[in-house]
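S.K.: Predicted model and sequence below, questions to follow.
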Amino acid sequence: MLVYPQLGTGAMTQFPVQKKRRLRTVLNAAADGSSIKLADPNGEYTEWSLAYAQLSDSEISTLEQFFTAAEGSLNGFTFLDPTSNLLAWSDHLDNAVWAPGPALTVTSGVADPAGGANAWHASNTGGGAQSIVQTIQAPAGYLYCFSAYVRSTSPSNVTMLLGSQRANGAVTTNWTRISVSAAGDPQGTSISFGLEFPAGAAVDVYGMQAEPQACPSAYKASTTGGVYQNARLRDDLLTATATGVNQHSCTVNIFYAKHL
């Protein structure tokens, strides 16, 4: 499937970006005047308006080629929401989307740095390193940033996992946000994110987040994640304006209807 392109910086868009999300409620009106209302999850509709300025010749050419490949609004494509956490159930490490190692125990209800109790205590009781990872269906060759908050009763280290890339993350006695940015296999159609804990480690974890950009933004708790597999262009025409030498501006409108 087609994938919406990143800019030369690795970002998906520029500011300002607008996102609208509409939900649908089904209303059943009875003959006696009463009514029953039920949420209709399949009626969800999300729309993004991405405004670009000072795009290079190469960047506007990439967008034009993408429009041609998508044939305007005809064909669906994978869109990585630049305003969301790509990971699903980020505050629920016991959800099935997470794959923990056999000797790794995660316990909920730990006080988090945002003032809630959504952090988790990860304990590795095994004799070797244990990890917890989530795999998303997204192009592995894109630039991603993976971040998490960690702390422990004694200073230690964890390994951050981003595809096949590994990076050391220092754990202190205070909440610290660690992050890594990298691209994976250019031919891969999925990519994994997670943390690896050394043998005997006991670490509090909060706010694991993956984003299609070079640096982390403010943490956004997620349930469904920010990967949209059948998004579409709203318009059949891309209008670009040359504002200078090697500079172009345009606006791209994208929508995702869950029922399509």
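M.R.: Perfect, thanks for sending it. Numbers count the residues shown, from 1 in each chain.

S.K.: which secondary structure element contains the residue lying closest to T135 once chain neighbours are set aside?
M.R.: Using C-beta to C-beta, 6 or more residues apart in numbering and skipping residues adjacent in sequence, the residue nearest T135 is S192, 4.4 Å away. Where you see a C-beta, it was placed from the backbone N, CA and C, and this is true even at glycine. Following DSSP states H and E, one finds S192 within strand 191-197.

S.K.: on that earlier part again, is it true that the residue nearest to T135 touches L161?
M.R.: Yes: in this structure, S192 sits in contact with L161. The criterion is C-beta atoms under 8 Å, and the distance is 6.5 Å.

S.K.: Pull up the overlap in contacts between the two.
M.R.: Common contacts of S192 and L161 (C-beta atoms under 8 Å, 6 or more residues apart in numbering): V133.

S.K.: Please enumerate the helices of the chain.
M.R.: Residue ranges of the helices in the chain, as given by DSSP state H, are 57-70.

S.K.: Find the residue at the geometric middle of it.
M.R.: Against the mean C-alpha coordinate of the chain, by C-alpha atoms, centre = their mean, the closest residue is L86 at 1.4 Å.

S.K.: give me every residue that touches that residue.
M.R.: By C-beta under 8 Å, 6+ apart, the contact set of L86 is 80, 136, 138, 144, 209-212, 222, 225-227.

S.K.: any idea how far S123 is from A199?
M.R.: When distances are taken as C-beta to C-beta, to the nearest Å, A199 and S123 turn out to be 11 Å apart.

S.K.: Looking at those two, which has the bigger crowd around it?
M.R.: When neighbours are counted by other C-beta atoms under 10 Å, A199 and S123 differ, and S123 comes out ahead with 16 against 12.

S.K.: The more buried one contacts A103, doesn't it?
M.R.: No: applying C-beta under 8 Å, one finds S123 not in contact with A103, separated by 9.1 Å.

S.K.: which neighbours does the single longest strand found in the chain have in its sheet, and in what orientation?
M.R.: In the chain, ranked by residue count with DSSP state E as the criterion, the top strand is strand 35-55. Based on DSSP bridges, the pairing partners of strand 35-55 within the sheet are strand 17-29 (antiparallel), strand 247-257 (antiparallel).

S.K.: What residues of that strand count as buried?
M.R.: Neighbour-count burial for strand 35-55 flags 44, 46-50, 52, 55 (criterion: 16 or more other C-beta atoms under 10 Å).

S.K.: Look up the pLDDT of G33 for me, please.
M.R.: For G33, the model assigns a pLDDT of 79.

S.K.: if I look at T223, how far off is P41?
M.R.: When C-beta to C-beta is applied, the distance between T223 and P41 equals 12 Å.

S.K.: Below-threshold pLDDT in the protein: ranges please.
M.R.: Scanning the chain with the threshold set as pLDDT under 70 gives 260.

S.K.: before we move on, the earlier item: the residue nearest to T135: neighbour count?
M.R.: 19.

S.K.: from now on call the first residue 309
M.R.: Yep, numbering from 309; the last one is S500 now.

S.K.: That one and R542: what is the separation?
M.R.: Summarising the geometry, the distance separating S500 from R542, computed by C-beta to C-beta, is 32 Å.

S.K.: Show me the domain layout of the protein.
M.R.: Each structural domain of the chain that the record assigns through automatic domain parsing is listed here as a residue range: 310-391+535-565, 407-519.
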